[in-house]
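A.B. asks: sequence first, then the predicted structure:
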Amino acid sequence: MDIIKGIKGVKDILPEETPRWRLIEDAARRWALCYGYQEIRIPIFELTALFARSIGATTDIVEKEMYTFPDRDGTSLTLRPEGTAGTVRAFIEHNRAADPLPQKHFYLGPMFRHERPQAGRLRQFHQFGAESFGTSDPRADIEVIALLWRLLSDLTLPGLTLEINSLGSSGDRAAYKPILLAFLKLQESHLCANCRRRMDTNPLRALDCKVPDCRVATESAPRLTDHLSPEARVHFDQVLAGLTAIGIPYRLNPRLVRGLDYYCLTSFEITSTHLGAQNAVGAGGRYDGLVEALGGPSVPAVGFAVGLERVSLMLPETSSSSNNECLYYVAAFGEKGTQLGLVLLDELRRIGLSAQCDYRATTLKAHLRQADRSACRYAILLGDDEATRGSIILRNLASKAQEELPLAGLSHLLKARTTSV
RNA sequence: GUGGGUGUAGCUCAGCUGGUUAGAGCGCCGGAUUGUGGAUCCGGAGGUCGCGGGUUCGAAACCCGUCACUCACCCCA
């Protein structure tokens, strides 16, 4: 019979890897809480219409990357391809705008996109994201970027660069588009087929095309940042000044155009030289119109998302080991020893001392080998000799020092010792 | 969706221009040590050579197809 295998692009995170994931997730939670963001847990699937309306009907995500399926009554549902849409939906649905506190949320969990897998890209992948609602002040942009930057720096990820741009207001982009389009028309013969198509759909995307000829052709293109309204210009300058004030280095990238429709004004991306072709670790921006577009009140917002697989790929080995450790190995063998060992093991665990045993082992030698492998601190030797004496031998596996202790009340004695240290 | 690379033991990989019983290292189990782990030595288990077809006296190797994995494009975290 054929074995059933996992789905393409969907990976198991095995026990050897979970400590590094916990390290990442714990750091993300810690930093988010530290910045005053509260965890929100939103569903893994939503009505398809939510994503179509928020992300943009003509984006690749919506056009060809969503896991969409009909519910039993025919309603179209979709596994979430990102977290902002659901967070905004929840924000509107529960009328959070009425809450006087600043609404700052973070989330952590799996996302789904039907793409061809490659290094740093999976069909089920994990994101940590933060969303700040209700504040149009540039300090909110700075705060969000700082949270992202401090988190990634804390994890000591190598080769990080913060790139930043302003997309202006929707009005700015509307005014800029014909100017850009006129320029692209002149260069049309030098552009790739893709970019020629983009001239009709989303001309801004031609600016961050990776085809070398296109880069050359658009080198002297008019810049969106030169066509910002005074308000957008001030906002952008304040964000940059704030980043400088708190010591976060950035690089202006006038070509940085985010793929999702809902972004406006500040747009940023953190890349690393230590990833493969997918070098973006985290990215985000401001999306002032989204809440209203989804039927809520007019509420400004800014946020980001980090790809946790990409963080994991970059995480230095040194920071993630030394976990999963167990304190006691109960080496119970022989007829009476085995019986007493079963009880002792349970007593240790009930009192909160981690303990394990390999039930397959029948000899002391086999037990000690397992104790060594499982990296326990101590082995408790309990054979028939000890059983008749009513004692055990406590062996320090590192120093090999042994001492005989009474079996009665052993778990309390050991508990008292570990807490007094 | 498009292109390249790779599929041999649990893992990492050898395997010559086709040649007889398919190999190594690591890991695993056992023994040397009848109640003391890691080191050493000895022994053992473990393989539909991704799958299907073809060429051939003979295929892990050559040809065709197919699937999987992987990297890259598109795009994105």
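C.D. replies: That came in fine, so what should we check first?
A.B. asks: and for A:Pro254, the neighbour number?
C.D. replies: 16 (other C-beta atoms under 10 Å). Quick note: C-beta positions are derived from backbone N, CA and C, even for glycine.
A.B. asks: point out the residues in the stretch 101-250 of chain A that sit beside RNA strand B.
C.D. replies: A:113, A:115-122, A:125, A:127, A:194, A:198, A:205, A:208-211 (C-beta under 7 Å from any atom of the strand).
A.B. asks: in ChimeraX, select just the buried ones from the residues you listed.
C.D. replies: Buried residues among those (16 or more other C-beta atoms under 10 Å), as a ChimeraX selection:
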select /A:113,115,120,121,122,125,127,198,205,208,209
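A.B. asks: so which of the residues of the stretch 101-250 of chain A next to RNA strand B are in strands?
C.D. replies: A:125, A:127 (DSSP state E).
A.B. asks: now, the residues of the stretch 101-250 of chain A next to RNA strand B that are in helices?
C.D. replies: The helices, defined by DSSP state H, take in A:194, A:198 from those.
A.B. asks: OK, contacts around the residue nearest to A:Ile44 when sequence neighbours are not counted?
C.D. replies: Among residues not flanking A:Ile44 along the chain, A:Arg80 sits closest, at 5.8 Å (C-beta to C-beta, 6 or more residues apart in numbering). Listed by C-beta atoms under 8 Å, 6 or more residues apart in numbering, the contact partners of A:Arg80 are A:42-46, A:51, A:86, A:111-112.
A.B. asks: what domains does the record give for chain A?
C.D. replies: A:18-169+A:229-319, A:328-420 (automatic domain parsing).
A.B. asks: is RNA strand B within reach of the last one?
C.D. replies: Yes: looking at domain A:328-420 against RNA strand B by C-beta under 7 Å from any atom of the strand, the contacts come from A:334, A:363-366, A:368-369, A:371-373, A:381, A:383-386, A:393, A:395, A:397-398, A:400, A:402.
A.B. asks: pLDDT weak spots in chain A?
C.D. replies: Across chain A, the ranges flagged by pLDDT under 70 are A:1-2, A:259, A:318-324, A:420-421.
A.B. asks: what distance do you get for the residue nearest to A:Ile44 to A:Leu181?
C.D. replies: Separation of A:Arg80 from A:Leu181 (C-beta to C-beta, to the nearest Å): 34 Å.
A.B. asks: helix, strand or coil for A:Glu403?
C.D. replies: strand (DSSP: H, G, I helix; E, B strand; the rest coil).
A.B. asks: that one against A:Ile392, yeah?
C.D. replies: No: contact criterion C-beta atoms under 8 Å: A:Glu403 and A:Ile392 do not qualify, at 9.6 Å.
A.B. asks: what strand or helix carries A:Phe58?
C.D. replies: Small correction: residue A:58 is Thr, not Phe. Per DSSP states H and E: A:Thr58 is located in neither a helix nor a strand.
A.B. asks: A:Val299 contacts A:Val291, correct?
C.D. replies: Yes: with contact defined as C-beta under 8 Å, A:Val299 counts as touching A:Val291 (4.2 Å).
A.B. asks: what's the overlap in contacts for the two?
C.D. replies: A:91, A:97, A:133.
A.B. asks: neighbouring contacts of stretch A:192-200?
C.D. replies: Contacts of stretch A:192-200 with the rest of the structure, by C-beta under 8 Å, 6+ apart, involve A:181, A:184-185, A:188, A:191, A:205-206, A:209, A:211, A:213-214.
A.B. asks: which of those residues has the most neighbours?
C.D. replies: The residue in the contacts of stretch A:192-200 with the most neighbours, by other C-beta under 10 Å, is A:Ala206 (27 neighbours).
A.B. asks: from A:Leu256, how far off is that residue?
C.D. replies: A:Ala206 sits at a distance of 13 Å from A:Leu256 (criterion: C-beta to C-beta).
A.B. asks: the strands in the stretch 201-350 of chain A, which residues?
C.D. replies: A:251-252, A:264-272, A:280-286, A:301-307, A:328-332 (DSSP state E, counting those that start in this stretch).
A.B. asks: now, of those, which is deepest in the fold?
C.D. replies: Highest mean neighbour count of the strands of the stretch 201-350 of chain A: strand A:328-332, a mean of 26 (counted as mean count of other C-beta atoms under 10 Å).
A.B. asks: just checking, what packs against that strand?
C.D. replies: Packing partners of strand A:328-332 (3 or more C-beta pairs under 8 Å, 6 or more residues apart in numbering; DSSP states H and E): helix A:335-350, strand A:355-356, helix A:364-373, strand A:378-382.
A.B. asks: can you check what angle separates the first one from strand A:328-332?
C.D. replies: For helix A:335-350 against strand A:328-332, the angle between stretch directions is 160 degrees (axes from the mean of the first three to the mean of the last three C-alpha atoms, to 10 degrees).
A.B. asks: A:Gly89 touches A:Glu46, doesn't it?
C.D. replies: Check again: residue A:89 is Arg, not Gly. Yes: assessed by C-beta under 8 Å, A:Arg89 is found in contact with A:Glu46 at 6.7 Å.
A.B. asks: quick one, which of the two is more surrounded?
C.D. replies: Shown here are A:Arg89 and A:Glu46; by other C-beta under 10 Å, A:Arg89 has more neighbours (22 against 18).
A.B. asks: so which helix or strand takes in that one?
C.D. replies: Assigned by DSSP H and E, A:Arg89 falls in helix A:84-93.
A.B. asks: so that helix, near RNA strand B or not?
C.D. replies: No: using C-beta under 7 Å from any atom of the strand, helix A:84-93 stays clear of RNA strand B, with a minimum separation of 8.4 Å.
A.B. asks: may I have that helix as CSV, with CA atoms only?
C.D. replies: What follows is helix A:84-93, C-alpha atoms only, in CSV (Å, rounded to 0.1, in the frame of the first residue of the first chain):
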residue,chain,number,x,y,z
THR,A,84,-4.3,41.9,7.8
ALA,A,85,-7.7,41.3,6.2
GLY,A,86,-9.0,39.1,9.0
THR,A,87,-7.6,41.5,11.7
VAL,A,88,-9.4,44.4,10.0
ARG,A,89,-12.6,42.4,9.6
ALA,A,90,-12.6,41.6,13.4
PHE,A,91,-11.8,45.2,14.2
ILE,A,92,-14.9,46.3,12.3
GLU,A,93,-17.2,43.5,13.4
